[in-house]
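# I would like to see how this sequence folds:
(3 chains)
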Amino acid sequence: MSAVPITPAAERPLQFEDRSRQTTAHTTCYMCACRCGIQVTLEAGRVRFIQGTADHPVNQGVLCAKGSAGIMKQYSPARLKHPMIRRPGTERGAGIFDPISWDDALAMLTDRLRTIRATDPRRLAFFTGRDQMQALTGMWAQQFGTPNWAAHGGFCSVNVAAAGLYSIGYSFWEFGAPDWDRARYFIMWGVAEDHSSNPIKIGLDKLKQRGAKFVSVNPVRTGYSAIADEWVPVRPGTDGLLALAIVHVLLSRELFDWAFLVRSTNASWLVVDAPGTPDDGLFLRRRPRTDGGFEYGTGEGEPLLFDQAAGEAGTMRAGAQPALFGAFEVHGWKVNTVMSRVAERYLDEAWSPQAVSARCGVAAADIERIALEMAAVAFEQPIELPIAWTDVWGNQHDKVIGRPVAMYAMRGVSAHSNGFQTTRALHLIQMLLGALDGPGNFRSKAPFPRPIPPPQLPENDPATIAAPDRPLNRPPLGFPTRPEDLAIDADGRPLRIDKAYSWESPIAAHGLMHMVIRNAVEADPYPIDTLMLFMANMAWNSAMNTAQTQDMLRAKSADGAYRIPFLVVSDAFDSEMVRFADLVLPDTTYLERHDAISILDRPISEPDTVADAIRHPVIAPDRDVRPWQEVLVDLAARLAFPAFVEADGSPRYAGYPDFIARYERAPGIGFLAGWRGQDGQSPLKGAPNPGQWDAYIAHRSFFAWHWPESMQFNRGINAGYLAKAAESAFIPKPDPIIMQIWSEPLQKFRLAGQGLYRGPQPVRPEDRERLAEHFDPLPIWTPPLEESACAGQDYPFHAITQRPMVMYHSWDSQNAWLRQVIGRNFLYMNAGRAEELGLADLDWVWVESRNGRIRCQLKTMDGVQADTVWTWNAIGKMAGAWGLAANAKEATHGFLLNHLISEQLARPQEGAPGLTNSDPVTGQAAWYDLKVRITKAAPGEEGVWPSFGWGGGETDARGEEQS
Amino acid sequence: MKLGLVIDLDTCVGCHACAVACKEWNGQSLMAGGAPDYNAYGEEASGVWFNRVRHFEVKASAHRDCESGHVNLSRTVNVPMSCMHCEEADCVTVCPTGASYKRAEDGIVLVDPERCMGCNYCAWACPYGARELDQDAGVMRKCTLCVDRIYDQALPEPERQPACVLACPAHARHFGDLDDPQSNVSRLNRERDGGGMLEDLGYKPVNRYLPPRAPAQVDTRAVAERPSGLKSRLADLINRAIAL
Amino acid sequence: MKPAFSVLFFTVSSGAGLGWMLWLLLARWAGVALPESVFSLSVGLAVLMFVAGLLSSTLHLANRRNAWRALARWRSSWLSREGVFALAMFPAGALTLYGIVNGAGVLEVLGGLLVIALALATLYSTAMIYACLKTVPRWRSWHVRVAYPLFAIASGGLLWLLAAHAVDAVPAGARGLAALLLLACAALKYAYWKHFAGDAGALPSRAEALRLNGRVRLLDAGHTGPTFLTHEFGYVLDAGRARGLKWLSLLVGFVFPFAIVLAAPAWMVVAVLACLAGLLVERWLFFAEAQHVVRVFQ
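Reported below is the predicted structural model:
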């Protein structure tokens, strides 16, 4: 064979694009909730190329597969084209619509909302999906006067968020980030692809280049876990056991950071030891009396510790030497320190690695070793940075010490009914190691850390809620600290349609969107009139028990009226939920609108940088759509919300951009922090700047403000940081934020469950039991609730999902490129276990739970925990949705596990409603608690089952014919 | 010059960012000529991709965990593959029309769609699956190493890189001159013992793959020596004096 | 690999046509006198088969309008060379025919030698198109390089015999030669399959290809639908079916015609059809059984 012919370049000249025909704009991606900065190249009014914005705080110039596929999202045939109204005489869910003009649609909607607002504002339920403008939608709901608003956190991340906000002042996932540049040990719990995706990828590479050890605790080995140095195949729902066994090992060998515990946490605070009394388990406090002395008790006042220097109890003030361990008597009160209680509990052999090993599926030796590895890195490889900083007690330090163990946790921990306490257990490990908010740790990002919990209570006054034509006094969502804060009436019944902040879900910080439809249909606690959903696929992959959810949407009363009388859906694309709407208000794509990715919302800050960003239209819509935010601002003016109209009733704002630029939540504080002040020279706080949007656009659509070094670490006790944070209105006052190992709010709820609390107490025995068992003020592990729901039945497998890297929930099967990567899904099983069961690759199998069954196709792999099966989430579609052909593989071979999951823990008994299949503390939907059994399908049984028709009446997931 | 890519299998998380960025760039690239999709919204979409990411499992030694069953602590490795711009590029040798050519100056292998007759012979000659037929135009398409980006003086210098390299979030892709021993790619290749795929076949692929590193370890001997059993000593434990 | 019918037809038809031309020429030079009409018809049909094959080979081109460029890279490409030799057959053949028709012996010999050389070169180039590929281990053996010319001459011989038999002009030894060639074909094919029965021709393991330690399996191809690569190289032939087809091709393509040639020459047309059919099956198997190394990655 002859040599390879070589061609001089001159013989075949290159062709370059004509840059003079192209323009470049910067905006923010919205293919997922990571919110990377993007640079969009346009030519002749069409998108030519999308790449990452260089130096952007989130993505620093890179872009994931979804971001680069944005072009195909922009030109997807699934885009809605104009407002639609369900044709009179047709059935909801059949998807038969007539076009309607925006004027008519908004007039109709305004009339209806106005009537609701003037009679019973609760009858509007407004729930939003994967948006990033909760700050606006929540405000809108508050102005309307309905408490029935939340975003989707209740079925997504609330366990992780709330656990962090009630423990350390910030949290995994949305409100903090690992220190990728300095960590020497990184352990990740329950993380598959999910936002913030690009920062994690960038960070993992940095760790590996540096030789840091990367451990992934996850039942499945794909994605990030693929490149982990050590993969720990934990049994789903048992991460908390594993974590507390690590706590046991650390305590047992005295491997904890005394100084950190004393200074940054409440480990030395004194807890009343008086079982059976209303004061048991509360902090002993003192408050000044008018005569100059002090009154000691629980309730009001500063919490106390035992000051070794003074030889008596005192507060956390400069010069004190708190005793970490000890039992004392203080002014007649028998108390002991939080740390003593920690030791007493977790040193028990029940938490040893040997005791938990079988349950969590991790060898005892491995648990012990991982704990020792963390300790070795934390205590033998500390980092010292020569940074001068002052703490809240006036001490001036000349360095910052870091114990460079970092952690991260997400959905694999959150989506269990024990996820809240599990996350608290992870924070306990971090606190013991002194590995929080220092160099090499999981660090806070602005506007966090915030007081524990953030000082915002949800609206819970029935009179205020019932009052017509008035805003609520408080936002619909907040952070209860005691039973009085619950949103319940005098009889203990929930005030909210989703029963958030009731005895069933007391600390439901993000609401329970997954319960809205059932509760509305069953009029429990009361019926509603209008359900407005924004970008939430509640009729499909965001629902538990999909078939019944669809039936509920279609459910009618005896008189033939729909139990949910009016259903308004806003979305940009033809999702399954859109087909169930009565009124469809089409949104724009992310390239066609303004958006504010605000610090007041879910921030894109990094630990060293306060950041926010905007979107602005880089393309004009070619169809009759309007950005949902514009519609909200328009409706707010039509409905005369006080914040949106002038005294004479005329609209205050010209539209959404004007609202964002001029609205001030507090003096000088608005949705966007950059270029504030009349001259744009006052970042973070300043008067509204009419040129603010232009300033953002001129700066590639993002704002980044860098914290001085002295304010970057130990923020909860960093005086400089706290002062600046208070000035910027991140926190109300520059008071220390002391991390809470022992959570007093939880204890108060537990006391209520025990019948001891001096205040509201639950009435139903099941609520009492749940509070008594789950509201443990120290992290605890309890088996997932599904186990008792399945008791006595044989469902040997855990069934979970993972998020793929190329798709974000249901958003991307409409994307011609991304659906080539994943156009259908399989159920993955451990190869060894499959062989035992006589199952092989590509077998069709029945997957059965206590709620129903499905049929799908199996694949085997080694990298999955032996008792776990999993699939990529949200790949299955209903035939014809999302602009796809009716015989799309997504409909014939794609499937959801959702059909198997019930939103209730058990079939309701006569007269008593079933408890929600959620974490008893936060109401987080317990998706991953699902237990199933797998059997091989008979020959000829192929194709996914069930398949759903748009007219209903198909066999439901239980295989029973619908009447 | 021997321009090519170095791909780090130790940090590739298999996110397909490179594959889609490539498709995005080349879908409208004048040099690549397009990367069409077929049946884009139909029963099953397919299309031309110049870069594909494949996911493999490596079985390690069998490891029997506690009572929950045996779990092979396997490893998942993600492998993006595109044209290797081989030194001994058979795809160029076998091409009857001369559509497939290798540039003398930098070694980039390209397809000239004006000459290609779509016989697929080059695809048969390529062991890496780098070439795919564009059914609409009837010509073969492949990675151009973004030759219309790397030499485009109208682009800012940092952007004169292949789209896949710019996009990769895990920074697992590196571009440069493997003929230059001081270049970043050459250095990486040396330090990490990189190599080409299927080198025994004799194509001399220019793209190099850095193998997964041995797992990082932590020395726990010192902390393991700490006596355990705090529970029994708790009553006698003396509090440290730590002042606020 | 996916066997394209146009390619199968090309090699069988063109090969048989070329073989027939060789037999016509060599038999003539050996003194076998076929009636002029029969000779002309044979030449015409042989050329037709050759040309039909060539045209068929362009059918599988996705961009036929550039087919004329296929001669450009003769310096490196066997496909180019095949084209060059094949096209050169036409002037060489024309020269030979001119010499035959006009009784110009020198021209006939010159042209004829050219025809023989070019025909063999064409056949060899066709074989080399496949045999030169490092990506298909099952094609890299001398069996492949010999097979194309051998099958061409064997099948061409049967066609020549058919015409000769029709006019009762079969010389002594011709049937024996044809039978021997068929036997040689069967033996070659058998030897080829035996050679690759074990590990020879196996693809490298995934671990080798990817430079990983341990046993490697594909977890996810990176696409859930078909691609050009799965379509072109993903064909998997069931082992049982393969075995059946091998025996079929041997028996129908070579053994059965062998028997007819020796024992029942009256059925020569059946022998021809059977041989061509068997060759098609053999060609189909040649592609279907071949595994392209890219499969290691899919």
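# Going by C-alpha atoms from here, please, whenever you check contacts or count neighbours.
Fine.
# what's the burial count for residue C:218?
18 (other Cα atoms under 10 Å in any protein chain shown).
# Once you drop chain neighbours, what's closest to the most centrally placed residue in chain A?
What sits nearest the mean C-alpha location of chain A, by Cα atoms, centre = their mean, is residue A:157, with 2.5 Å. Nearest residue to residue A:157 in three dimensions, chain neighbours excluded: residue A:414, at 5.9 Å (Cα to Cα, 6 or more residues apart in numbering or on different chains).
# show me where chain B has strands.
B:3-8, B:37-38, B:46-47, B:52-59, B:75-81, B:100-103, B:109-111, B:132-134, B:139-141, B:173-177, B:208-210 (DSSP state E).
# Kindly report the same for chain C.
For chain C, applying DSSP E gives strands covering C:215-220.
# phi, psi of residue 50?
Chain wasn't specified; assuming chain A. Reported as degrees, to the nearest 10, the phi and psi values for residue A:50 are phi -120, psi 130.
# Show the average pLDDT along the host helix or strand of residue A:596.
Per DSSP states H and E: residue A:596 is located in strand A:595-597. Mean pLDDT, strand A:595-597: 95.
# From chain B, how far off is the one residue in the stretch 101-250 of chain C that gets nearest to chain A?
Here the stretch 101-250 of chain C gets closest to chain A at one residue, residue C:223, 4.1 Å apart by Cα to the nearest Cα. Distance, residue C:223 to chain B, by Cα to the nearest Cα, to the nearest Å: 8 Å.
# what about the nearest residue to that residue once chain neighbours are set aside, how many neighbours?
Spatial nearest neighbour of residue C:223, excluding adjacent residues (Cα to Cα, 6+ apart): residue A:821 at 4.1 Å. A count of nearby residues for residue A:821, using other Cα under 10 Å, gives 24.
# same question, the one 10 residues further on
For residue A:831, the tally of surrounding residues (other Cα under 10 Å) stands at 23.
# for residue B:114, same thing?
10.
# Does anything pack onto the longest strand belonging to chain A? Which helices or strands?
The strand that spans the most residues within chain A, counting by DSSP E, is strand A:852-861. Helices and strands touching strand A:852-861, as assessed by 3 or more Cα pairs under 8 Å, 6 or more residues apart in numbering or on different chains; DSSP states H and E, comprise strand A:827-830, helix A:831-837, strand A:844-849.
# Look at residue A:470 and report its pLDDT.
Reported pLDDT for residue A:470: 96.
# what residues are up against it?
Applying Cα atoms under 8 Å, 6 or more residues apart in numbering or on different chains, we find residue A:470 in contact with A:143-145.
# What separation is there between it and chain B?
Taking Cα to the nearest Cα, one finds residue A:470 at 48 Å from chain B.
# can you give me the strands in the stretch 151-300 of chain A?
A:176-178, A:185-189, A:213-217, A:230-232, A:270-272, A:285-288, A:294-297 (DSSP state E, counting those that start in this stretch).
# Tell me which residues of the last one come out buried.
I take that to be strand A:294-297. Residues of strand A:294-297 classed as buried by neighbour count (16 or more other Cα atoms under 10 Å in any protein chain shown): A:296-297.
# Residue A:482 and residue A:750 touch, don't they?
No: with contact defined as Cα atoms under 8 Å, residue A:482 does not count as touching residue A:750 (9.8 Å).
# These two - which one has more neighbours?
Ranked by neighbour count (other Cα under 10 Å), residue A:482 and residue A:750 place residue A:750 first, with 27 against 20.
# isn't that one right next to residue A:776, touching?
Yes: the criterion here is Cα under 8 Å, and residue A:750 meets it with residue A:776 at 6.8 Å.
# most tightly surrounded among the helices and strands packed on strand A:852-861?
strand A:827-830 (a mean of 26; mean count of other Cα atoms under 10 Å in any protein chain shown).
# what's the average pLDDT for that strand?
So the average pLDDT for strand A:827-830 ends up being 97.
# Which other helices and strands does that strand contact?
Where contact means 3+ Cα pairs under 8 Å, 6+ apart, strand A:827-830 is packed against strand A:852-861, strand A:868-872.
# In TSV: those, plus distance to residue C:101 and mean neighbour count.
Output for the helices and strands packed on strand A:827-830, formatted as TSV (distance: least, Cα to Cα, whole Å; neighbours: other Cα atoms under 10 Å in any protein chain shown):
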stretch	distance to residue C:101	mean neighbour count
strand A:852-861	70	24
strand A:868-872	75	24
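# Next, format the ones you listed as JSON lines and append distance to residue A:70.
Formatted as JSON lines, the helices and strands packed on strand A:827-830 follow (distance: least, Cα to Cα, whole Å):
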{"stretch": "strand A:852-861", "distance to residue A:70": "30"}
{"stretch": "strand A:868-872", "distance to residue A:70": "21"}
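# okay if I get these as JSON lines plus mean pLDDT?
Formatted as JSON lines, the helices and strands packed on strand A:827-830 follow (pLDDT from 0 to 100):
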{"stretch": "strand A:852-861", "mean pLDDT": "96"}
{"stretch": "strand A:868-872", "mean pLDDT": "97"}
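# right, so of the strands of the stretch 151-300 of chain A, which gets closest to chain C?
Smallest distance to chain C across these (Cα to the nearest Cα): 16.9 Å, for strand A:230-232.
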